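**Student:** make a model of this:
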Amino acid sequence: MDLFESIEKRYSHKERFLPDSVSLKDLEQIAKAGLAAPTGNNSQCVRLIILPDRKSVQPLCDIAPTEGMSTAPSAIAVLTDKKAQVAKWNFEMEDYSAAATQMLLAATALGYASLWLDSPYFDEDKQKEALRILGAPEGYHLRVVLPIGKPEGTGSRRPKMAFNERVSYGKFGE
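**Tutor:** Residues are numbered from 1 along each chain as shown. The predicted structure is shown next:
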């Protein structure tokens, strides 16, 4: 699947996954796509934890159960190093967003579905517990978990506004 087809087909899979495992080779390829993302001032503050099987995904599911996480055969946790600040700038948000986006596209290109799952970890207690489970050292923040697997069914993509409703030429609204 080419890049533009992956972009067009990618959606946030919030339904159930099939129990089929995801190969470690595919998970590593998805992770490499994330690590190839641009990073602000080359800070490279993103760290990934591959959760290759249901056994490794389940503890995070116990903290924040969602339909997708409860059936995902694999996942990738995206963390940032809060200390990776360059001069007075911190690029954590930009870096993890770029990495997660590229991993979502890579998963789609390989025939998998995924979802950007971050809101459960906005809760400070859930964040701390997830970091403990993941064995992350102090100074790291869990930003997003990407459950990865084959979708059960066709999945559903939410409608997008029309191109001309969101794009202007030269000035806003023109």
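
**Student:** and residue 34, what does it touch?
**Tutor:** 46, 48, 76, 78, 99-100, 102-103, 106 (C-beta atoms under 8 Å, 6 or more residues apart in numbering). C-beta coordinates here come from the backbone N, C-alpha and C atoms, glycine included.

**Student:** okay, and it sits in which element?
**Tutor:** helix 24-35 (DSSP states H and E).

**Student:** the residue nearest to residue 92 when sequence neighbours are not counted: what's it in contact with?
**Tutor:** Closest residue in space to residue 92, ignoring its immediate chain neighbours: residue 80 at 4.2 Å, by C-beta to C-beta, 6 or more residues apart in numbering. By C-beta under 8 Å, 6+ apart, the contact list for residue 80 reads 45-47, 92, 95-96, 140-141, 143.

**Student:** pLDDT at residue 96, what is it?
**Tutor:** The score at residue 96 is 94. That number is its pLDDT.

**Student:** distance of the residue nearest to residue 92 from residue 2?
**Tutor:** Distance, residue 80 to residue 2, by C-beta to C-beta, to the nearest Å: 30 Å.

**Student:** where along the chain do the helices fall?
**Tutor:** Under the criterion DSSP state H, the chain contains helices at 3-9, 24-35, 54-63, 67-71, 92-109, 124-134, 163-166.

**Student:** ok, and for the last one, which residues are buried?
**Tutor:** Read that as helix 163-166. By neighbour count with 16 or more other C-beta atoms under 10 Å, helix 163-166 contains no buried residues.

**Student:** buried residues, the longest strand along the chain. List them.
**Tutor:** Ranked by number of residues, the top strand in the chain under DSSP state E is strand 140-149. Going by neighbour count (16+ other C-beta under 10 Å), the buried part of strand 140-149 is 140-149.
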